[in-house]
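> Sequence and predicted structure, then a few things I'm wondering about:
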Amino acid sequence: MPHHNNVLTIISHLIVLSAVTILCVLGTWQLSRYADKTARIEQITQRSEQGVIPHERLATLMLEDVRDVQISITPTGVSNSLLWLDNQQHNGQVGFKLIVPVETEQGWLLVNLGWVAGRKDRLSLPVVPALHELQAPLKGAVSIPGLNRFITETAIADGVFPKVIQQIEFEQISEMLTLPFLPYMLTVTQPSQDFIREWRPVVMEPAKHIGYALQWFGLAIAACVIYFVARRRKALSQESC
């Protein structure tokens, strides 16, 4: 019996230790997210204060991270291979964002023109608004969309456009359109009558990550306290027998 009890004690120690470790890792991850987003917001503020620069100057900045730089482009050509980015929400309504391949003197660039509401019939795509804006300089922010590994792209290279895509994958879009694209996108921010444009590169405020971290660390502390109290009570009950 003593040997059996020792084995159970070791197992219970390992279970609690594993649970506390996982909770602490989650708390630490939330703190790292807080630090990353705080740094990102500072970068956005700094680059917004620098104002809009011509697209050709972007390469001369020698930046490792070109996100959030405000640039202006003057299209020299526009592709007819339009892309609708699916499952984009605005005020709880599902719609699309129109992605247009634009040629510039620096190369082909994907341009996010903004959000358009979807139709009630999800099988029907929105009517493409007039693209007169592409005849004049466009202003916006440089963006590099993140990839969700849980999303599977369903678009195929069949030459039919506009085409619905699930996320921005530069390499796949380049193969689909047989065009070499720059490794970043322009998210247009200037006002528009045809598109809704809300540039929100940081969706969740950094402070919320602190709250989540405190919750995870609190759970870790609670697990330790509960376990040690339970062990103490068990030891006292065994002594009284």
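All right, it came through fine.
> Now do residue 240, the pLDDT please.
Note on residue 240: pLDDT of 65.
> To clarify, my last question referred to residue 10.
According to the model, residue 10 carries a pLDDT of 83.
> just residue 28 next, same as before
For residue 28, the model assigns a pLDDT of 96.
> can you pull the contacts of the nearest residue to it once chain neighbours are set aside?
Ranked by C-beta to C-beta, 6 or more residues apart in numbering and with sequence neighbours excluded, the top spatial neighbour of residue 28 is residue 213, at 7.6 Å. C-beta: built from backbone N, CA, C; applies to glycine. The contact partners of residue 213, by C-beta atoms under 8 Å, 6 or more residues apart in numbering, come to 27-28, 30-31, 34.
> Please tell me how far residue 213 sits from residue 202.
17 Å (C-beta to C-beta, to the nearest Å).
> Next, count neighbours for residue 31.
16 (other C-beta atoms under 10 Å).
> That one and residue 117, how far apart?
Taking C-beta to C-beta, one finds residue 31 at 38 Å from residue 117.
> For the lengthiest helix in the chain, what is the distance to the chain centroid?
Counting residues, the longest helix found in the chain (DSSP state H) is helix 2-49. Taking the mean of its C-alpha atoms, helix 2-49 sits 21 Å from the chain's own mean (C-alpha atoms, centre = their mean, to the nearest Å).
> can you check stretch 158-167 too?
21 Å.
> Endpoint to endpoint, it covers what distance?
18 Å (C-alpha to C-alpha, to the nearest Å).
> What mean pLDDT does that stretch get?
On average, stretch 158-167 scores 85.
> again with stretch 45-65
Mean predicted confidence for stretch 45-65 is 91.
> and the nearest residue to residue 31 once chain neighbours are set aside, which of the three is it?
Once flanking residues are discounted, residue 31 sits nearest to residue 213: 4.9 Å by C-beta to C-beta, 6+ apart. Residue 213 carries the three-state label helix when classified by DSSP: H, G, I helix; E, B strand; the rest coil.
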